[in-house]
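Undergrad: quick one, what's the 3D model for this:
(chains A, B and C)
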Amino acid sequence: MKKISIDPITRLEGHGKIEIFLNDQGDVENAYFQVPELRGFEVFCLGRPVEELPRIVPRICGV
Amino acid sequence: MGKLKFALYWGAACGGCDVAVVDTHEKLLDIVAAADILFWPVAMDFKYHDVEEMADQHIDICLFNGAVRNSENEHIAHLLRQKSKVMVAFGACAQLGGIPGLANEKRGKEILDYVYHGSPSTISPKEVYPQEVVSVSGVELKLPRFYETVMALDQVVEVDYYVPGCPPESARILEVVQAIVTGNLPPKGSVVGALDKALCDTCPRKREEKKVKAFYRPHEILFDLERCFLEQGLICLGPATRGGCSDPPRCIRSNMPCRGCYGPPPDVTDQGVKMMSAIGSIIDSQDPEKIEQIIHGIADPLGTFYRFGLPASALRKKRFL
Amino acid sequence: MDRFEPRIIGFYCNWSSQTGVDGAGVEGASYPSNLRLIRVMCSGSIDPEVVIEAFKRGADGVLILGCHLGNCHYRNGNYNTLRRIRLLQKTLEQFGLEKERLRLEWVSVAEGKRFACLVNEMTEELRKLGPFKQLA
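TA: Just a heads-up that it's a prediction; the model follows:
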């Protein structure tokens, strides 16, 4: 089975890759989109003083 | 001599550093006139295999922003180091670990558990977690390994220069590019695009005497708009932060105390501990109980003193055994 | 099985606490060799960074000794110690440092026995807590 990898995906914010699998006829049999990143803001923001959140969460996405 | 060859890449990043480059606005055209950009995921379609196919040291300057927090970040850091003559840790995350570095206070497993299963907005009855390798319909899919520790760039590859800031100010970026293009860089290992003194030296606020009888959270006082924040009991990391972000510093001008994003001043490795020292020396009390009370007024000392620099600090990472 | 022996780094100042520490020997009050002593001129000169470094290099506990408040040889040095070390303790608590591991004590010239006592006490507490491994 032939595989086409698009890695990384571009012209947007964030990491991502696309794996496309072609069958013997050259048609797309399966395609998968994966996000190979995780930073954990959901966890390390917990317990912080509320006034710090406007300084921390803009760093989720700077775009 | 042909045009310089640049690459810009991001590890565990938010895109803000790349936007800071784009925010040079029309001057971006000057950058592009002087340099060919061979790899820049936010703006151009080059792929990893394009970089892999380059000869070693083909890239003149690589601006790497974002922290190193998984095996892909580390792999590409090594790849770009191999293919670049000069590697620049661009922005607070690459220089120090940055905001993602706050995750070093937590267990890796705690993060995975909460994000993929435990958070209120996640519905995952089968408790599926991302795997490094998974077989699906007869094919194998791979994901990078999530590291327990967030790292700064120089903890995985040799770094030639550091451009501090979260993000670096666009005007400073232009100065750095100018220095690169004219061959006017200081010795390797230097911090560029910032001053060699603390932020306080560039602060326009009035300073009288640093004797603090209490620390306040912003909702607890109405503060004077002209006077030094620290003197009024609002924690400002100015004394332990490198100056030069802008003149006057943008946060100060917007009535926000400095949060330390430009990293430690020259000759200081651990920004947090130096700030602790500074705070300790301005507390105005000789009564142990009162001192206790004053210190108690500092909410979240770890997050306050080490907001941007935990991975690069002496503390680095909390171990869970 | 060998009993765990904690390693305690002790910073003591050149004035009251030095005489106090020496006094333990003079008074015949013994303290365990778990404590390794490092002399400084004033407890106020101990940078919190040095304390963190001691833990990183394997110390299971750090003890800081200075003159009693009001008796600092340099007048105000020990107030600085108090403020900085208390703030350091508060920050390191978020990192999992138990309060028994970082102690700040004032020792006067006549307190040799008391010094020996507190070292014994700290050693015993740290034996129970086990090795400190919270810093990467």
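
Undergrad: where does the stretch 151-300 of chain B dip in pLDDT?
TA: Counting by pLDDT under 70, the stretch 151-300 of chain B shows no low-confidence range.

Undergrad: C:Gly66 and B:Gly297, how far apart?
TA: 24 Å (C-beta to C-beta, to the nearest Å). All C-beta spots, glycine's among them, are computed from the backbone N, C-alpha and C.

Undergrad: looking at those two, which has the bigger crowd around it?
TA: C:Gly66 (30 against 15; other C-beta atoms under 10 Å in any protein chain shown).

Undergrad: contacting residues for the most centrally placed residue in chain B?
TA: Chain B has B:Ala92 as the residue nearest its centroid, 1.8 Å off, counting by C-alpha atoms, centre = their mean. By C-beta atoms under 8 Å, 6 or more residues apart in numbering or on different chains, the residues touching B:Ala92 are B:Gly98, B:Ile99, B:Pro164, B:Gly165, B:Cys166, B:Pro167, B:Cys261, B:Tyr262, B:Gly263, B:Phe308, B:Gly309.

Undergrad: among those residues, which one lies nearest to chain A?
TA: Nearest to chain A out of the contacts of B:Ala92 is B:Ile99 (C-beta to the nearest C-beta; 4.1 Å).

Undergrad: so what's that closest one up against?
TA: Here B:Ile99 is in contact with A:Ile56, A:Arg59, B:Cys14, B:Ala92, B:Cys93, B:Cys166, B:Arg307, B:Phe308 (C-beta under 8 Å, 6+ apart).

Undergrad: farthest pair within these?
TA: Using C-beta to C-beta, the two most remote members of these are B:Cys14 and B:Arg307, lying 14.4 Å apart.

Undergrad: quick one: the residue nearest to the centre of chain B from B:Asn65, how far?
TA: 9 Å.

Undergrad: need the overlap of contacts for these two.
TA: Contacts common to B:Ala92 and B:Asn65, judged by C-beta under 8 Å, 6+ apart, are B:Pro167.

Undergrad: so what's residue 3 closest to, chain neighbours aside?
TA: If you meant another chain, say so; for now it's chain A. A:Phe21 (5.6 Å; C-beta to C-beta, 6 or more residues apart in numbering or on different chains).

Undergrad: that's the wrong chain, I wanted chain B
TA: The shortest distance from B:Lys3 to any non-neighbouring residue, by C-beta to C-beta, 6+ apart, is to B:Asp36 (4.9 Å).

Undergrad: and the residue of chain B found nearest chain A, its phi and psi?
TA: Using C-beta to the nearest C-beta, the closest approach of chain B to chain A is made by B:Gly16 at 2.2 Å. B:Gly16 has phi and psi values of phi -60, psi -40 when expressed as degrees, to the nearest 10.

Undergrad: residues contacting it?
TA: B:Gly16 neighbours (C-beta under 8 Å, 6+ apart): A:Pro58, A:Arg59, A:Gly62, A:Val63, B:Gly91, B:Cys166, B:Pro167.

Undergrad: mind running it again at 6 Å?
TA: Each residue near B:Gly16 by C-beta atoms under 6 Å, 6 or more residues apart in numbering or on different chains is listed here: A:Gly62, B:Pro167.

Undergrad: per-residue pLDDT of it, please?
TA: In this model, B:Gly16 is scored at 97, pLDDT.

Undergrad: can you list the residues of chain B near chain A?
TA: B:12, B:14-16, B:19, B:41, B:45, B:48, B:72, B:99-100, B:102-103, B:106, B:111, B:114-115, B:119, B:137, B:139, B:141, B:143-144, B:218, B:259, B:299-300, B:303 (C-beta under 6 Å from any C-beta of the partner chain).

Undergrad: can you tell me how far the residue nearest the centre of chain A sits from B:Arg227?
TA: Among the residues of chain A, the one closest to the centroid is A:Val35, at 3.2 Å (C-alpha atoms, centre = their mean). Distance, A:Val35 to B:Arg227, by C-beta to C-beta: 47 Å.

Undergrad: and C:Tyr79, by the same measure?
TA: For C:Tyr79, the distance to B:Arg227 - C-beta to C-beta - is 25 Å.

Undergrad: again, but for B:Gly15
TA: Remark: distance between B:Gly15 and B:Arg227 (C-beta to C-beta) = 36 Å.

Undergrad: next one: C:Leu65
TA: For C:Leu65, the distance to B:Arg227 - C-beta to C-beta - is 38 Å.

Undergrad: looking at the two, which one has more neighbours?
TA: C:Leu65 (28 against 13).

Undergrad: is that one located within a helix, as I assumed?
TA: No. Per DSSP: H, G, I helix; E, B strand; the rest coil, C:Leu65 lies outside any helix segment and is strand.

Undergrad: contact partners for residue 17?
TA: No chain was given, so I picked chain A. Contacts for A:Lys17 (C-beta under 6 Å, 6+ apart) come out as A:Asp7, A:Gln34.

Undergrad: I was thinking of chain C, sorry if that wasn't clear
TA: Per C-beta under 6 Å, 6+ apart, neighbours of C:Ser17: C:Leu65, C:Gly66, C:Val107.

Undergrad: which bits of chain A sit near chain B?
TA: A:7-8, A:10, A:13, A:21, A:30, A:32, A:36, A:39-40, A:42-44, A:48-49, A:51, A:55-56, A:59, A:61-63.

Undergrad: all strands for the chain, in order.
TA: Assuming you mean chain A. For chain A, the strands defined by DSSP state E cover A:2-6, A:17-22, A:28-34.

Undergrad: if you could check chain B rather than the one you did, that'd help
TA: Going by DSSP E, chain B shows strands at B:4-10, B:35-39, B:59-65, B:68-70, B:84-90, B:133-136, B:139-142, B:146-151, B:161-163.

Undergrad: columns distance to C:Val119 on top of those strands, output as a markdown table?
TA: A markdown table is the format used below for the strands of chain B (distance: least, C-beta to C-beta, whole Å):
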| stretch | distance to C:Val119 |
| --- | --- |
| strand B:4-10 | 52 |
| strand B:35-39 | 59 |
| strand B:59-65 | 49 |
| strand B:68-70 | 42 |
| strand B:84-90 | 45 |
| strand B:133-136 | 54 |
| strand B:139-142 | 55 |
| strand B:146-151 | 35 |
| strand B:161-163 | 44 |
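
Undergrad: who touches stretch B:187-207?
TA: Under C-beta under 6 Å, 6+ apart, the answer for stretch B:187-207 is B:160-164, B:168, B:172, B:176, B:226-228, B:238-239, B:241-244, B:247-249, B:252, B:258, B:262, B:265-266.
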